[in-house]
Every structure is written in structure tokens, then in C-alpha cells.
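Undergrad: Got a sequence here, can you build the structure:
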Amino acid sequence: MTAYLNALGLVCALGRGKAEVARRLLAGDSSGMQPHPQTIAGRSLPVGAVTGELPSLGNAPLQHVTRNNQLLLAALEEIEPELLAAISRFGPSRVGVVMGTSTSGIQEATQGIARLTRDGHLPSSYHYSHQELCAPASFVSERLQLSGPNYSISTACTSSARALLSAKRLLDAGICDAVICGGVDTLCDLTLRGFSALEATSAQLCNPFSANRDGINIGEAAAVFLMTRERSSIALLGGGASSDAHHISAPDPQGLGAIESMSKALSSAGTLPEQIRYLNLHGTATRHNDAMESLAVAKVFPTGVPCSSTKPLTGHTLGAAGALEAAFCWLTLSDHNPEQLLPPHRWDGEHDTDLPQLNLTAVGTKAVASRPRRMMSNSFAFGGNNISLILGDAP
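TA: Here you go, the predicted model:
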């Protein structure tokens, strides 16, 4: 059964809302990547922060008062008319919520525990539920007064890609008529220091697939779709998931799990590799991830495919990355891209000669004009957790 992506709201380092994000994405604008105000392990790290004032949570209960939920609310507000119309049409019990996250409100929880350690008591702003991974889905469900299924998925950097697949399953099973799905993650000390401890962060703008790549930049974002069976111009045509469990933090070096997820996605969408017009790479700019992904892409797409990593424009938004980068495919397919441009790959142009060379897009690269158009987005995570999604023109 086809799942249609009827509406999209998003916020990230590229801006707020579809129009601004599309314009800066297609121009390869990395100006949203700025130094974090604190040094981490003695280094100044570029991050993809959302700047400016976020929506007020108003009189929301204390357990929902987090920056994570403010980011999520910013994305929800962009598509509020479409959400309210769907709730009115289907009823609150037939609208589900599936969100992906890896941070939830851990920044507020960390600040509260630091206060307890320093002063001997928790601040009045602390609530244990801030750090619960179910928090984003609960927030959306309560704010919109929904009674359908609501849950969050936390599988590290595939979280929100899995949320889209789970949303489709709720539609396919007839449990829901509409699902609000996507992901949100917030910049926080825990992840910045954690990835620094793994020696995975770069003090420069990340440089995916370059011989000089030396690590990731972290970002924050929210991307939310309204998914229904009601026909619209862009659909989630298929998806593939795998879990190779090679290592807790390193990918299988031959990319076997990535190959499996891409192959399953193609099969589920009834699509041949040569029909994919663009691939959004996971492309974290770490030595191991880019090595295995280049091998996997070369295996699945032996004749090549136009591709890019968009992480130098947003940072790696972790649990939000899968939905955000699927959103970039959505924008590329949408009316926000009248020139049919592809998201460019921003890097230093220094190929790693030890790896297969990919067909990395430059600024101004246009998509093949033939229809129907099909685009894939890859997300890979700790523990060998892999997701590939295919979006395209509605059948």
C-alpha cells in the first residue's frame, strides 16, 4: 500500500520552513555551521545549531518543557493547518504519532543533575520525564489531543528513518488513517562530549568522502511529516532495514548491512538501481563510515548514481537525521525546487584513492528530467542498524 507524505515541517541549521531550507540546501549553503560557544575537550567544534527564538510552550506541563519539544513545535507549527484538518477528518483515535530521537530532553536533565551535585537539591525546573525517550511522541499526542497510538523510536542515527517505516506499517495494518511522524534531536553536552571521547568529532567543517576527512560535526533539527493513504504528489515508495550487529560503534567494513538495507528498499519499492535519480548519503565524514558506505554504494549502484552528503550543511543531527534527510529528498522532488537541482556535496574535492569514487554532485547539478522520479536516503547507526528509504513521485 502506498503511503503519501502530504505535508512537511522542518527546522535545522539551514533555516526554518520548507522555502528557506530548500533554497539554502540546493545552494550548498553551510553558513549555519558555527562554532559551539563552549570548548569541548579543549577544542572549538563547529555545530549545526538552530539560532533565534523558538516557539513558546505556553502553559505546557513541566514534563514537556524542553528545548527538544520547542524544536519539535517549530516544525509542527509549519503544518498545523494540515494536521488539524486530518484530525478533524479522521478523528483523534485514528491519528498516530511516531517520533525518532536519541537525545530527547537530556540537556535539561543533565543540567538538573549538575545542580543536584553542586547544591544538594534539584532545581524546580527539573522533571525526570525530560530525559525519557518517549517524550517527543507524548508531547505531540497531548498537544494535539490525540488518542491513537503514540511512541518514540531510539535506534541512534536511524531513529527517525525507522519512525517513517513504522508509520507506514500503522497505515498498512489499518490501525491508523494518518500518522504524524519524523524526528527531533537537540544539541546537548552529552552527545558533544560523548562523540569527542570517541575521537569522532572534527574541529573543522566536516569533509565527507575526502581523503582528508577526520570526523563529524553535530547538529540539531526537527523534521515532521503527515503521512496518510490520501494521494498527494510525493510518496514513501519503500524502505529497507537491516541490523548486522558488527560492532557497538563501528560499521561492518564491507558494508554488508548497508548493502542489505539498500537492496531491500529497492525491492520493496519495485525499483531498479538505475531508476534512482539521487542518493542522500549517510556520509558522516568519519574514516570508517565513509569507507564502508562508498563500498556499499558501488556494489548496489555499479553504474553510478548522483549522490551527496548534506551533513556539512546541517551537522549530523543524530536521531533526527533520517527524517531530515528524507525531507531533503522531499524538497528536491517538490515545487520548492523548480529548477530540478540536486543537493550538492560540499567538500575539498580530494578523493580517497583507496575507495571507489562516487558520483558526487556539485552546486548546480540537475536531476535527470525523466519521470517517475525516485530518490533514496541512507541512515546508518551504532550497533549495525541500517535504514534506506525511497521517496518519489506518487504512482
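Undergrad: Could you use CA atoms for every contact and neighbour count after this?
TA: Will do.
Undergrad: Distance of the nearest residue to P123 once chain neighbours are set aside relative to M376?
TA: Using CA to CA, 6 or more residues apart in numbering and skipping the chain neighbours, the partner closest in space to P123 is G112 (6.1 Å). G112 sits 41 Å away from M376, going by CA to CA, to the nearest Å.
Undergrad: One more: V21?
TA: Counting by CA to CA, the gap from V21 to M376 is 19 Å.
Undergrad: With neighbour numbers in mind, choose between G112 and M376.
TA: Higher neighbour count among G112 and M376: M376, with 26 against 20, using other CA atoms under 10 Å.
Undergrad: got the buried residues for stretch 86-99?
TA: Using 16 or more other CA atoms under 10 Å as the test for burial, stretch 86-99 gives A86, I87, G91, P92, S93, R94, V95, G96, V97, V98, M99.
Undergrad: Looking at those, which is nearest S147?
TA: Using CA to CA, S93 is the member of those that sits closest to S147, with 4.5 Å.
Undergrad: Secondary structure of the closest one: a strand, I assume?
TA: No: counting by DSSP: H, G, I helix; E, B strand; the rest coil, S93 falls outside a strand, being helix.
Undergrad: can you pull the contacts of it?
TA: Contact analysis of S93 by CA atoms under 8 Å, 6 or more residues apart in numbering lists L146, S147, G148, P149, C176.
Undergrad: now it: how far from G219?
TA: 34 Å.
Undergrad: cool, G183 as well?
TA: Separation of G183 from G219 (CA to CA): 13 Å.
Undergrad: Kindly report the same for P344.
TA: Using CA to CA, we find P344 at a distance of 18 Å from G219.
Undergrad: again with S233
TA: According to CA to CA, S233 and G219 sit 30 Å apart.
Undergrad: which residue ranges form the helices in the chain?
TA: Listed in chain order, the helices of the chain (DSSP state H) span 18-27, 67-78, 80-90, 106-119, 135-143, 159-172, 189-197, 256-269, 287-300, 311-314, 321-333.
Undergrad: for the shortest one, the distance to its chain's centre please.
TA: Distance, stretch centre to chain centre, for helix 311-314: 11 Å (CA atoms, centre = their mean, to the nearest Å).
Undergrad: Would you point out which residue is most central in this structure?
TA: When CA atoms, centre = their mean is applied to the chain, the residue found nearest the centroid is A321 (2.0 Å).
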